[in-house]
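**Q** coordinates for the following, if possible.
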Amino acid sequence: MSGALRWPRLRVLADGAPLAGAFEADVASNNHFAADRFLVGLAVGADPFALLEIVDRPEIEIEVLVSLDDGAGFESLVKGDVDRVEYDPMTGVVRLEGRDFSSRLMEARVGESFVNLTASEIATKMAARHGLDADVQVTRVPVGRLWEGNHQRSLLDQFSRAATEWDLLAALAEIEGFDLFVEGPTLHFRPTGHAPLLRLSLAETGSVRLERALTLAGGIEVVVRSWNAERQESCEERVSRPGQKLRQYVYVVPNLTAAEAALLAQRRLAAIGRHERVVSIEMPGELDIRPRMRIALAGSGTGFDQPYWVDRVDRRIGRHGFRQTVHARNGNGATGAGSEGEVGAWSDS
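**A** Next comes the predicted model:
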């Protein structure tokens, strides 16, 4: 993010081989258990045989890379599977749209019992099933329960709304207080790690939109209710943040202990409060800002001058250069972060 003159270049790989004619790409890097998405434009005239052949492939694995130094070095923005192919023979353009490898788990239905396995064992098993490396923090508590007549219980009974493998891992990640995402060929299932801080001044950015939800500015109460089938008992846990015009959020989650319900209520309260202030910053494209980072905004002269967590980065590289939009939410009450370091300041020079 220096002030040096840049010459952005785009490279697209299909199943590991470079594709000719890549002239544009949109990449959305996401947080909140969501897949990163990409849309790539290719000019057929650059290599008609290869690009028309790719239209008929049953499966396509894509990697989008960008260089800011005229091709001297490329950095990957996203790697994943193509969901949709579009070919326009009149304009000679092929477009490939897809998601990162989390899509493999999102498309896989849960059809088995995970008896007496821990969350980390389930995550590791699912990663291997879909050809992914596993960056998984070991957990100790089995999520399969041993009771009832045959001493077995399907995990699906406990997480009845988990229709896909990704849904199941997301539910487990929330209970464990973990983050869940796929980056490149690796499934990450672990607490939020080191969160570097990047300072941004309004005077140095492009267009900025600052929004505040007044419905989240006052008091908030979170209620978690649960019926535990093993113990044949119910529990209700409440946590609140003081303020005027109290708003209540009620969650019904099956088979929690009182301690688990209290912990979930705390996490939901923190998550709700972190959406009071959101910012969207349009700026020149760069390769440093990623979801799960923190940015510190300055220069508005209002309460918006504070740290934020990056939720999504939308990047577009094409005929009109390389631009991006950073979407972030306020960091008040953020949990799960590790040590926090300061990266530096960004300037559009």
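**Q** use CA for all of it now, contacts and neighbours both
**A** Fine.
**Q** now whichever helix or strand residue 189 is part of: mean pLDDT?
**A** Here residue 189 sits within strand 186-190, counting by DSSP states H and E. For strand 186-190, the mean per-residue pLDDT is 97.
**Q** just the CA coordinates for it, please, in CSV.
**A** Only the C-alpha atoms of strand 186-190 are listed here, as CSV (Å, rounded to 0.1, in the frame of the first residue of the first chain):
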residue,chain,number,x,y,z
THR,A,186,-7.6,-25.0,3.5
LEU,A,187,-10.6,-25.2,5.8
HIS,A,188,-10.1,-23.1,8.9
PHE,A,189,-12.0,-24.0,12.1
ARG,A,190,-10.5,-22.2,15.0
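**Q** just checking, what packs against it?
**A** Strand 186-190 sits against helix 119-129, strand 133-136, strand 179-183, with contacts defined as 3 or more Cα pairs under 8 Å, 6 or more residues apart in numbering; DSSP states H and E.
**Q** pull up the pairing partners for the helix or strand just after that strand, direction included.
**A** Downstream of strand 186-190, the first helix or strand assigned by DSSP H and E is strand 197-201. Strand pairing for strand 197-201, using DSSP bridges, gives strand 294-298 (parallel), strand 342-346 (parallel).
**Q** which of those comes out lowest on mean pLDDT?
**A** strand 342-346 (a mean of 39).
**Q** in the longest strand along the chain, what counts as buried?
**A** Longest strand of the chain, by residue count under DSSP state E: strand 75-88. Within strand 75-88, the residues that qualify as buried are 77-82, 85, 87, counting by 16 or more other Cα atoms under 10 Å.
**Q** for the very next helix or strand once past that strand, name the packing helices and strands.
**A** Next helix or strand after strand 75-88 toward the C-terminus (DSSP H and E): strand 93-100. Here strand 93-100 touches strand 37-43, strand 75-88, going by 3+ Cα pairs under 8 Å, 6+ apart.
**Q** residue 279 is nearest to which of the ones you listed?
**A** Smallest distance to residue 279 across the helices and strands packed on strand 93-100 (Cα to Cα): 20.9 Å, for strand 37-43.
**Q** what mean pLDDT does the closest one have?
**A** Here the average pLDDT along strand 37-43 is 98.
**Q** picking that back up, just want the angle from the strand holding residue 189 to strand 179-183.
**A** Angle, strand 186-190 to strand 179-183, by axes from the mean of the first three to the mean of the last three Cα atoms, to 10 degrees: 170 degrees.
**Q** in the stretch 51-200 of the chain, where is pLDDT below threshold?
**A** Where the stretch 51-200 of the chain drops to pLDDT under 70, the residues are 115, 144-162, 193-194.
**Q** before we move on, the earlier item: can you put the helices and strands packed on strand 93-100 in JSON lines and add distance to residue 319?
**A** Below are those laid out as JSON lines (distance: least, Cα to Cα, whole Å):
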{"stretch": "strand 37-43", "distance to residue 319": "11"}
{"stretch": "strand 75-88", "distance to residue 319": "18"}
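**Q** of all those, which one comes closest to residue 242?
**A** That would be strand 37-43 among the helices and strands packed on strand 93-100, by Cα to Cα, at 38.5 Å.
**Q** any idea how far residue 316 is from residue 113?
**A** 42 Å (Cα to Cα, to the nearest Å).
**Q** of the two, which one has the most company?
**A** residue 316 (22 against 14; other Cα atoms under 10 Å).
**Q** among the helices and strands packed on strand 93-100, which comes closest to residue 206?
**A** Short answer: strand 75-88, nearest of those by Cα to Cα, at 21.9 Å.
**Q** can you tell me who the spatially closest residue to residue 82 that is not a sequence neighbour pairs with across the strands?
**A** Excluding the flanking residues, the one nearest residue 82 by Cα to Cα, 6 or more residues apart in numbering is residue 98, at 4.1 Å. Residue 98 forms beta bridges with residue 38, residue 82, as assigned by DSSP bridges.
**Q** what sits against residue 98?
**A** Residues in contact with residue 98 (Cα atoms under 8 Å, 6 or more residues apart in numbering) are 37-39, 80-84.
**Q** hang on, the earlier thing: adding mean neighbour count, write the helices and strands packed on strand 186-190 out as JSON lines.
**A** What follows is the helices and strands packed on strand 186-190, written out as JSON lines (neighbours: other Cα atoms under 10 Å):
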{"stretch": "helix 119-129", "mean neighbour count": "19"}
{"stretch": "strand 133-136", "mean neighbour count": "18"}
{"stretch": "strand 179-183", "mean neighbour count": "23"}
